[in-house]
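[1] kindly return the folded structure for what I paste below:
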Amino acid sequence: MGEGQPPISEPISSGAIRLDADALNAFMAKAFPHSAPGARGTVVSAVPGHIRARMDPGDTALRPGGLISGPTQMGFADMAAYALVLAHIGPVAMAVTSALNYQFLRPCRPGSLFADAFLLRLGKRLAVMDVRIWTDDADKPVGQANVTYAIP
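    Take a look at the predicted model:
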């Protein structure tokens, strides 16, 4: 059993986390060794039912018109959902996205992106989350995703 990994017999719960922000970031760095540090985003905080992440996209994330591209936003939403699942189930690398529906709500101007991911349901085989992406005001999201993860 790896460091920080809970006993297998312990049931998963939406009321407790198994990995905090530091452990999630360490796991992501190890699971995605070919990504530059922070390229996928960084988990800022993790509490039961919620994580907050931050991403500082560079110029390569911009689309024509100088806005942050859709694939960058969707990838960031997916990373936040993955981190939220792992925070609750532990370091299970093969949890995978089974559905992601993204709504673009307003233009996403260059700058820091934030994601607030909320756990809606955590079952034995599926986790369902709501992810809000925002820039300077959490009350004015630039995008929203419904994400479902399959748990092995």
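
[2] so what strands line up beside the worst-scoring helix or strand of the chain on mean pLDDT?
    Using mean pLDDT, DSSP states H and E, strand 62-63 stands out as the lowest-scoring helix or strand of the chain, at a mean of 92. Strands that pair with strand 62-63, judged by DSSP bridges, come out as strand 67-68 (antiparallel).

[3] what mean pLDDT does the strand it pairs with have?
    Mean pLDDT, computed over strand 67-68, is 96.

[4] residues in contact with that strand?
    57, 61, 62, 107, 108, 109, 110, 113, 142 (CB atoms under 8 Å, 6 or more residues apart in numbering). Quick note: C-beta positions are derived from backbone N, CA and C, even for glycine.

[5] so who does the first one touch?
    Contacts were defined as CB under 8 Å, 6+ apart; by that measure residue 57 touches 68, 72, 110, 113.

[6] the second one belongs to a helix, doesn't it?
    Yes - residue state for residue 72 (DSSP: H, G, I helix; E, B strand; the rest coil) corresponds to a helix.

[7] so it sits right up against residue 59, yeah?
    No - if you go by CB atoms under 8 Å, residue 72 and residue 59 don't touch, sitting 11.3 Å apart.
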